[in-house]
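Enquirer: generate a structure from the sequence data that follows.
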Amino acid sequence: MKCCPKRKRLADYYPLTPEDAVILQRMSSRSFNIYFINQLLLKLSNKYPNRHFANKIAVLNYMAKALANELLTTDQANSGNLDLMM
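Expert: Predicted coordinates:
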């Protein structure tokens, strides 16, 4: 009998869908594109490998906070000229 769902790493939710991106744009009040959002997800999953999430809703809440506090402007982030893995 399974009592609790297994918690997953952030990278396990990669890639986020365009629908997820729309939700995150609304939640964060920032208009980052799907490419940047997925790159940020990968960067955060590498930076914090021990962070785990119970479900996708928790991931979206976490990512919305990260996007809301992102220091780059949306124009800088959406230009595609960034290497976030550095």
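Enquirer: what comes into contact with whatever helix or strand residue 44 lives in?
Expert: Element membership of residue 44, judged by DSSP states H and E, is helix 34-47. The contact list for helix 34-47 (C-beta atoms under 8 Å, 6 or more residues apart in numbering) reads 9-11, 13-16, 18, 20-21, 24, 32, 51, 63, 66-67, 70, 77-78, 80, 82, 84-85. All C-beta atoms are positioned from the backbone trio N, CA, C, and that covers glycine.
Enquirer: keeping just the C-alphas, turn it into PDB.
Expert: Taking C-alpha atoms only, helix 34-47 is exported to PDB below (Å, rounded to 0.1, in the frame of the first residue of the first chain):
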ATOM      1  CA  ILE A  34       9.200  29.200 -22.400                       C
ATOM      2  CA  TYR A  35      12.800  28.800 -23.400                       C
ATOM      3  CA  PHE A  36      14.100  31.000 -20.600                       C
ATOM      4  CA  ILE A  37      11.700  29.400 -18.100                       C
ATOM      5  CA  ASN A  38      13.000  25.900 -18.900                       C
ATOM      6  CA  GLN A  39      16.600  27.100 -18.800                       C
ATOM      7  CA  LEU A  40      16.000  28.600 -15.400                       C
ATOM      8  CA  LEU A  41      14.400  25.400 -14.200                       C
ATOM      9  CA  LEU A  42      17.500  23.500 -15.300                       C
ATOM     10  CA  LYS A  43      19.900  26.000 -13.700                       C
ATOM     11  CA  LEU A  44      18.000  25.800 -10.400                       C
ATOM     12  CA  SER A  45      17.900  22.000 -10.500                       C
ATOM     13  CA  ASN A  46      21.700  21.900 -10.900                       C
ATOM     14  CA  LYS A  47      22.200  24.500  -8.200                       C
END
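Enquirer: so what secondary structure elements neighbour the lowest-mean-pLDDT helix or strand in the chain?
Expert: In the chain, no helix or strand scores lower on mean pLDDT, DSSP states H and E than helix 74-78, which sits at a mean of 94. Applying 3 or more C-beta pairs under 8 Å, 6 or more residues apart in numbering; DSSP states H and E, one finds that helix 74-78 makes contact with helix 34-47.
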